[in-house]
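**Q** 3D, please:
(one chain, ligands or ions: 1)
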Amino acid sequence: MKLSVIGCGYLGAVHATAMASLGHEVVGVDVDAARIEMLRAGRAPFFEPGLDQLLSETVQGGALTFSSEISEAAGAAAHFIAVGTPQRAEGDGADLSYVDGAIESLIPILRPGDLVIGKSTVPVGTANRLAESIRPTGAHLLWNPEFLREGFAIKDTLEPDRLVYGVANVGSAADDVALLDQIYRSVLAKGTPRIVTDYATAELVKVSANAFLATKISFINAMAEIAEVTGADVTQLADAIGFDARIGRRFLNAGIGFGGGCLPKDIRAFSARAEELGVGQAVQFLHEVDAINLRRRHRVAGLVIDAFDGDARGHHVALLGLAFKPDSDDTRDSPALDVARRLHEAGATVHAFDPAANETARRVAPDLRFANSVDEAVQRAELIVIATEWKQFRDLSPSELATQTPARTIVDARNCLDPATWRAAGWTYHGMGRP
Ligand code: UDX
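**A** The predicted structure is shown next:
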C-alpha cells in the first residue's frame with residue numbers, strides 16, 4: 001500500500017522505516033531539508049539501535065523515500081501524522097502548531113476515502129477538531145497513538161503491546177478500521193491486541209499511560225526520599241513490593257528521575273488540558289509527580305556539593321552519562337544534563353562523557369567540558385557521578401577505574417552499581433535512597 005508519514009523525527013522516521021519493512025511503499029515528509037538528506041542517504045538522524053540498518057535496507061530496496069515536498073505524499077491511501085507536540089514556550093500545555101501545520105499542508109492533496117492517521121501525542125479533544133477541518137475533503141481521521149520507547153523503537157513499532165484505533169464513530173468506521181488492519185496485517189498476525197475506541201479514549205490512553213509510568217517512577221523516588229532519612233534501602237524495597245504481581249517490578253528504579261521528550265512534557269500537558277476542561281483536580285497529583293521528579297536532580301547535585309563540604313568551586317567532577325536514558329543520544333529534559341549544568345553553575349569543572357549524547361548535549365550546554373572516553377573524563381576528577389546507566393558504566397571495574405583517576409568517591413545516581421563491590425575496592429559509594 002502507498003503510505004505517507006508526515007514528520008520524520010524519532011516517531012516518524014522509525015514509523016516510516018518500520019512500515020516500509022512490512023512491504024508498504026512509504027514516503028516520509030519533513031520540512032527539515034538537512035534531515036531529509038540524511039534519511040535519503042539511509043542514515044538515521046539520531047541514535048536508535050537497529051534503525052540505521054533497517055533504514056538503509058528499505059531505502060536501497062526502493063520501498064522508502066523521503067521528501068521535503070508534501071506533494072510527494074499525494075496518492076497515498078493513508079497519511080500518518082507523526083510530528084512533535086513539544087511543551088509550549090509559555091506554560092505547560094502542548095504546542096500543536098506542527099500538528100495543525102501538517103493537517104493544513106495535507107488538505108489540498110486529500111481525496112475522498114483517504115485515511116489520515118494521527119500518531120502524535122495530543123491533548124484530548126484535538127482529534128475531534130482536526131476531523132472537522134478535513135471533513136470537506138471527504139477524507140477520514142483515525143487516531144492511533146504510539147507507545148514506542150527510545151532505544152526499543154523498532155521493536156515497539158513492529159511488536160507493540162497493543163494497537164489503539166480511535167475513530168469518529170465506532171459503529172460506522174468499519175472501512176477505516178479495515179484499512180488500518182491491512183496496513184498492520186503482519187503486526188496483527190502476531191496476536192497483538194487491538195482496541196477500537198472513540199477519539200477521546202484513544203487520546204487519553206496515550207497520556208494516561210505516560211502519566212501512570214511517571215507516577216510509578218515518582219512513587220519509588222518518593223520512597224527513596226523516605227529511605228534516605230531512615231537508613232532503609234529503596235532498591236530492596238522495590239524488589240520486595242515488585243514481587244506483588246499487582247505492583248510489578250518494572251519502572252520501579254529509583255534514581256535521578258525521569259526525563260526525555262515524552263514523560264515530562266506529557267504529564268504537564270495533561271494537567272494543563274485537565275485544567276482547561278475544569279477537572280484539573282483529577283490530575284492535581286501530577287504536579288506532585290513532577291515536583292518529586294525534579295527534586296531528584298537537586299538531590300544528586302546536593303550529594304556532590306556536600307562531598308566538597310558544601311562548596312564545589314574549583315573542584316573537578318567526572319559526569320558519566322548525558323542522555324536521558326541509555327541507548328539514546330537524546331538529552332531533551334535529561335536529568336543527567338541538568339545535574340551537569342547545576343554542578344557547573346555551582347562552580348565545579350564538569351568533565352562529561354556520554355557514549356552517544358556528547359554532541360546533542362554540546363549544542364545546548366556548550367560551557368561543559370566534553371571528554372571522548374571514560375578515561376579522559378576521570379583523569380583529573382575528584383569525584384565521579386554515574387548519571388545515565390549505559391552498560392559500559394554499569395560494567396566499570398572499581399579497581400581498574402582507580403588506576404585511571406585520583407577520585408575515590410562515586411555518586412551512583414542510577415543505583416546501577418553494586419555498593420558492596422565498590423566499597424570493598426576502597427571507594428566511597430553514594431547511591432540514591434540506599435544507605
Ligand atoms: C516513554 C514511554 O515509556 C513510552 O511508552 C512513550 O511512548 C514515550 O515515553 P521513553 O521516553 O523512550 O518512553 O523512555 P522510558 O524508557 O519510558 O524512560 C523514561 C524516563 O524514565 C527515562 O529518563 C528513564 O531513565 C526513567 N526511568 C525509567 C526511571 O527513572 N526509572 C525507571 O524505573 C524507569
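**Q** use CA for all of it now, contacts and neighbours both
**A** Will do.
**Q** Quick one: residues contacting the residue lying closest to residue 409 once chain neighbours are set aside.
**A** Sequence neighbours aside, residue 428 is the residue nearest to residue 409 in space, at 4.6 Å (criterion: CA to CA, 6 or more residues apart in numbering). Contacts for residue 428 (CA atoms under 8 Å, 6 or more residues apart in numbering) come out as 408-410, 422.
**Q** ok, so of those residues, who is nearest the ligand?
**A** residue 410 (18.8 Å; CA to the nearest ligand atom).
**Q** one step back: okay, and which of the contacts of residue 428 map to helices?
**A** Of the positions in those, residue 422 sit in helices, assigned by DSSP state H.
**Q** what would the contacts of residue 428 look like in JSON lines with neighbour count?
**A** What follows is those, written out as JSON lines (neighbours: other CA atoms under 10 Å):
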{"residue": "408", "neighbour count": "19"}
{"residue": "409", "neighbour count": "20"}
{"residue": "410", "neighbour count": "23"}
{"residue": "422", "neighbour count": "19"}
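**Q** From the contacts of residue 428, pick the one nearest residue 148.
**A** Nearest to residue 148 out of the contacts of residue 428 is residue 410 (CA to CA; 32.8 Å).
**Q** thought that closest one was touching residue 381?
**A** No - Residue 410 is beyond contact range of residue 381, at 10.5 Å (criterion: CA atoms under 8 Å).
**Q** what's the following helix or strand after the helix or strand harbouring residue 14?
**A** For residue 14, the element it lies in under DSSP states H and E is helix 10-21. Counting by DSSP H and E, the next helix or strand C-terminal to helix 10-21 is strand 25-29.
**Q** Could I get the buried residue list for that next one?
**A** Buried residues in strand 25-29, defined by neighbour count with 16 or more other CA atoms under 10 Å: 25-29.
**Q** what do you get for stretch 339-350?
**A** Neighbour counts over stretch 339-350 (16+ other CA under 10 Å) mark 339-344, 346-350 as buried.
**Q** Next: stretch 196-209.
**A** 196-207.
**Q** ditto for stretch 359-368
**A** Neighbour-count burial for stretch 359-368, counted by 16+ other CA under 10 Å, picks out 359-362, 368.
**Q** before we move on, the earlier item: which one among the buried residues of stretch 196-209 gets closest to the ligand?
**A** The ligand has its nearest neighbour among the buried residues of stretch 196-209 in residue 206, at 7.6 Å by CA to the nearest ligand atom.
**Q** CA atoms only for the helix or strand residue 131 falls within, dumped as CSV, please.
**A** Taking DSSP H and E as the criterion, residue 131 maps to helix 126-134. Taking C-alpha atoms only, helix 126-134 is exported to CSV below (Å, rounded to 0.1, in the frame of the first residue of the first chain):
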residue,chain,number,x,y,z
THR,A,126,-7.7,17.5,19.3
ALA,A,127,-8.7,14.7,17.0
ASN,A,128,-12.3,15.9,17.0
ARG,A,129,-11.2,19.4,16.0
LEU,A,130,-8.9,18.0,13.2
ALA,A,131,-11.6,15.7,11.9
GLU,A,132,-13.8,18.8,11.4
SER,A,133,-11.1,20.6,9.4
ILE,A,134,-10.5,17.7,7.0
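**Q** Could you identify the helix or strand that succeeds that helix?
**A** Downstream of helix 126-134, the next assigned helix or strand under DSSP H and E is strand 140-143.
**Q** which outside residues touch the next helix or strand after that next one?
**A** Downstream of strand 140-143, the first helix or strand assigned by DSSP H and E is helix 153-158. With contact meaning CA under 8 Å, 6+ apart, helix 153-158 is reached by 14-15, 18, 48, 50-51, 146-149, 187.
**Q** buried sites along helix 153-158?
**A** 153-154, 156-158.
**Q** and what of stretch 243-262?
**A** Along stretch 243-262, these residues count as buried under the neighbour rule (16+ other CA under 10 Å): 251-262.
**Q** Of the residues you listed, which is the nearest to residue 221?
**A** Using CA to CA, those come closest to residue 221 at residue 254, 4.9 Å.
**Q** Next one, pLDDT for the closest one please.
**A** Residue 254 carries a pLDDT value of 98.
**Q** what sits against it?
**A** So residue 254 contacts 217-218, 220-221, 224, 234-235, 414-415, 432-433 (CA under 8 Å, 6+ apart).
**Q** In the stretch 151-300 of the chain, what residue lies closest to the ligand?
**A** Nearest to the ligand in the stretch 151-300 of the chain, going by CA to the nearest ligand atom, is residue 251, at a distance of 3.1 Å.
**Q** if you skip the residues just before and after it, what's nearest to residue 146?
**A** The shortest distance from residue 146 to any non-neighbouring residue, by CA to CA, 6+ apart, is to residue 119 (5.6 Å).
**Q** For that neighbour, give me the backbone phi and psi.
**A** Main-chain torsions, residue 119, degrees, to the nearest 10: phi -120, psi -20.
**Q** residues near it, how many?
**A** A count of neighbours around residue 119, defined by other CA atoms under 10 Å, yields 24.
**Q** next one: the one 5 residues further on
**A** By the other CA under 10 Å criterion, the neighbourhood of residue 124 contains 20 residues.
**Q** next one: residue 112
**A** By other CA under 10 Å, 11 other residues sit near residue 112.
**Q** wait, what's in contact with it?
**A** For residue 112, the contact set (CA under 8 Å, 6+ apart) comprises 137-140.
**Q** now, which of those residues sits nearest the ligand?
**A** Nearest to the ligand among the contacts of residue 112, counting by CA to the nearest ligand atom, is residue 140 at 24.2 Å.
**Q** any idea what sits nearest the closest one, other than its immediate chain neighbours?
**A** With CA to CA, 6+ apart as the criterion, residue 140 has its nearest non-adjacent residue at 5.0 Å, and that residue is residue 115.
**Q** I'd like the distance between that neighbour and the ligand.
**A** 23 Å (CA to the nearest ligand atom, to the nearest Å).
**Q** Can you measure across stretch 346-358, start residue to end residue?
**A** End-to-end span of stretch 346-358 (CA to CA, to the nearest Å): 21 Å.
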